[in-house]
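Visitor: When you get a sec, could you give me coordinates for this:
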Amino acid sequence: RRYFDLGPLHNPANLQGIWNQDRFPAWDCDYHTDLNLAMCYWYLDALNLSELVSPLMDWLKRLSPQFKDSARDLYGCGGLVINGCCDIETVGTPDSVGFGFTGAAAWLAQILWRHYEYTGDRGFLENDLFPFMEEIAAFYTDFLCEKDGVLLPPFGSSPEVQVIRGENRSFFASAASIDIELVCALFENLIAASKILGKDGGGYETVLARLPLPKMRNGAISEFWEDYTPADPGHRHRSLLVGLCPGTRISAVKTPDWAAAAYKTIKNRHAGEDSMSIG
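Guide: Numbers count the residues shown, from 1 in each chain. Below you'll find the model as predicted:
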């Protein structure tokens, strides 16, 4: 009953939206922040549907105190972090699939930054988005660790992608390429926002300068920083290419080597799909 007593609150589109007909829907009809929620809002501004973005920001602001609790209780960090699965009122508990994915808040912030770019709404930037991005940056400032002379998440996962460890499989691995690219986009956008709002972004520039591009292996972009064996070489997700799209750091002009690696990554995925279908 409680879900029907929320009054005039604005809530974002959930996993199955108005098409769900079940009392006990698959995947709880919740918010999968590692992929599905981002997909719902990715292109709204480009489709001239900017007015539909506000429920996402409203929901994120409403749950921000819980996101801060998650950062403190799960990771011992300041700021805020969003778990892989949430529902309408609570952040939920990291499940086996989403465990270790810490990039959700940065991904949603990237989409909301695109919303600002399309609308030019300075009030939205100053009052809603910038404070939200600052809290995410506070988490990463505590969370990132130095490795190989750069700053990286100490661990990560790439949505629903498993790696083989001996006779077992795991969603948990070293820093994921998707996380690296999302963190980079967050700090790039924070620096741009700081300049627009006349705020000091020097600390963000210091972090950004130490964030690497994803690793390449055998001419393709690697899903993770460390070497790994994929459990499904043809996995349907392309999360490791988030820096190419919807991100902008990887391009044929700015980073031609990584753009060529992204192309080979796609070819490798297709080859993996073919091998699985043959097998």
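
Visitor: Secondary structure class of the closest residue to residue 102 other than its chain neighbours, three-state.
Guide: Nearest in space to residue 102, with sequence neighbours left out and distances taken as Cβ to Cβ, 6 or more residues apart in numbering, is residue 81 at 5.5 Å. Every C-beta, even on glycine, is put in place using the N, C-alpha and C of the backbone. At residue 81 the chain is in coil, as set by DSSP: H, G, I helix; E, B strand; the rest coil.

Visitor: which residues touch residue 81?
Guide: 67, 70, 71, 74, 75, 102, 104, 105, 136, 139, 143 (Cβ atoms under 8 Å, 6 or more residues apart in numbering).

Visitor: PyMOL command for the buried members of those residues?
Guide: Selecting only the buried entries of the contacts of residue 81 in PyMOL, with 16 or more other Cβ atoms under 10 Å as the criterion:
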select buried, resi 67+70+71+102+104+105+136+139+143
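
Visitor: any chance you could map the strands in the stretch 101-250 of the chain?
Guide: Assigned by DSSP state E, counting those that start in this stretch, the strands in the stretch 101-250 of the chain fall at 145-147, 150-152, 163-165, 168-170, 216-217, 220-221.

Visitor: Reformat those as a markdown table; add distance to residue 228 and mean neighbour count.
Guide: What follows is the strands of the stretch 101-250 of the chain, written out as a markdown table (distance: least, Cβ to Cβ, whole Å; neighbours: other Cβ atoms under 10 Å):
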| stretch | distance to residue 228 | mean neighbour count |
| --- | --- | --- |
| strand 145-147 | 16 | 12 |
| strand 150-152 | 15 | 20 |
| strand 163-165 | 5 | 16 |
| strand 168-170 | 10 | 12 |
| strand 216-217 | 9 | 16 |
| strand 220-221 | 13 | 22 |
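
Visitor: Is it possible to get those out as CSV so that each row also shows distance to residue 246 and mean pLDDT?
Guide: Formatted as CSV, the strands of the stretch 101-250 of the chain follow (distance: least, Cβ to Cβ, whole Å; pLDDT from 0 to 100):
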stretch, distance to residue 246, mean pLDDT
strand 145-147, 26, 96
strand 150-152, 22, 97
strand 163-165, 25, 89
strand 168-170, 27, 89
strand 216-217, 21, 94
strand 220-221, 16, 94
